[in-house]
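1. everything below, folded, please.
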Amino acid sequence: MKSPPPEKGSSAAKPRRRSNDSPAPVATRADLKVAFPKKNRPPSAAAFTAHLPLALGKRLELARSFLLRQKDVKEDIYFYGPKTGWALRYLSKEQPLCALLLHGGAPVAIVALPAAAAAAVNWKTLSPAGQLAHKNAHGSPALLWLDIPLAGAGAADFKAIVRVKLAAQAASAP
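-> Numbering: from 1, shown residues only. Purely as a prediction, here's the structure:
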């Protein structure tokens with residue numbers, strides 16, 4: 001005897017997805033919405049935090065306050081183009097230090113490390129987030145670009161890397 005067909009709306013009618021079927025689709029660059037894409041509308045520094053959920057906003061504020069406590073570090077808001085949008089840029093003695101921006105709804109720090117600073121970083125002591133940022137770094141051996149997520153342990157890695165960069169800049173200053 002045949003069993004009756006499952007009713008519409010019944011949970012038996014839909015096959016359940018197992019966790020090992022297929023991974024969730026990965027967001028591509030085209031899928032990610034730029035937080036502040038318009039050049040003629042610069043946001044305030046507070047708008048970056050307001051654009052994030054509370055926990056991530058606190059992470060961004062902690063990173064900002066850490067940077068502003070450093071000697072001779074200034075903050076400004078810089079437009080990096082329509083694909084990246086506005087970011088908080090930090091300068092140390094008029095030299096670029098890093099940038100904080102929103103990417104995919106999360107705060108990210110971008111740091112360019114010269115060869116001397118990159119050699120001084122102890123990459124093995126960083127968290128898995130910092131090690132992944134090092135693995136995915138781009139640029140050249142003379143200038144290594146790191147994209148460090150500020151969520152989770154990445155914030156502590158970011159602080160350690162910025163301290164090394166500041167020390168390298170101070171050592172090379174005339």
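2. make it CA atoms for all contacts and neighbour counts henceforth
-> Fine.
3. residues contacting the helix or strand encompassing Leu68, please?
-> Assigned by DSSP states H and E, Leu68 falls within helix 54-69. Residues outside helix 54-69 that contact it (Cα atoms under 8 Å, 6 or more residues apart in numbering): 48-51, 73-75, 90, 100, 106-107, 150-151, 155, 159.
4. go with 6 Å
-> Contacts of helix 54-69 with the rest of the structure, by Cα atoms under 6 Å, 6 or more residues apart in numbering, involve Thr49.
5. pretty sure Phe36 is touching Lys83, no?
-> No. Using Cα atoms under 6 Å, Phe36 is not in contact with Lys83, being 9.6 Å away.
6. and the end-to-end length of stretch 41-52?
-> End-to-end distance for stretch 41-52: 18 Å, by Cα to Cα, to the nearest Å.
7. let me redo that: stretch 134-147
-> OK, stretch 134-147 end separation, Cα to Cα: 8 Å.
8. who's in contact with the closest residue in space to Tyr80 that isn't next to it in sequence?
-> Ranked by Cα to Cα, 6 or more residues apart in numbering and with sequence neighbours excluded, the top spatial neighbour of Tyr80 is Trp86, at 6.0 Å. Neighbouring residues of Trp86 by Cα under 6 Å, 6+ apart: 36, 78-79.
9. how far does stretch 103-111 sit from its chain's centre?
-> Distance, stretch centre to chain centre, for stretch 103-111: 2 Å (Cα atoms, centre = their mean, to the nearest Å).
10. got the contact list for it?
-> Here stretch 103-111 has contacts from 32, 98-102, 145-150, using Cα under 6 Å, 6+ apart.
11. one step back: and after the helix holding Leu68, which helix or strand comes next?
-> strand 73-79.
12. what is the mean pLDDT for that following strand?
-> Mean pLDDT, strand 73-79: 94.
13. that strand pairs with which strands, parallel or anti?
-> The strands beside strand 73-79 in its sheet (DSSP bridges) come out as strand 86-92 (antiparallel).
14. let me know the angle separating the partner strand from helix 54-69.
-> Interaxial angle, strand 86-92 versus helix 54-69 (axes from the mean of the first three to the mean of the last three Cα atoms, to 10 degrees): 30 degrees.
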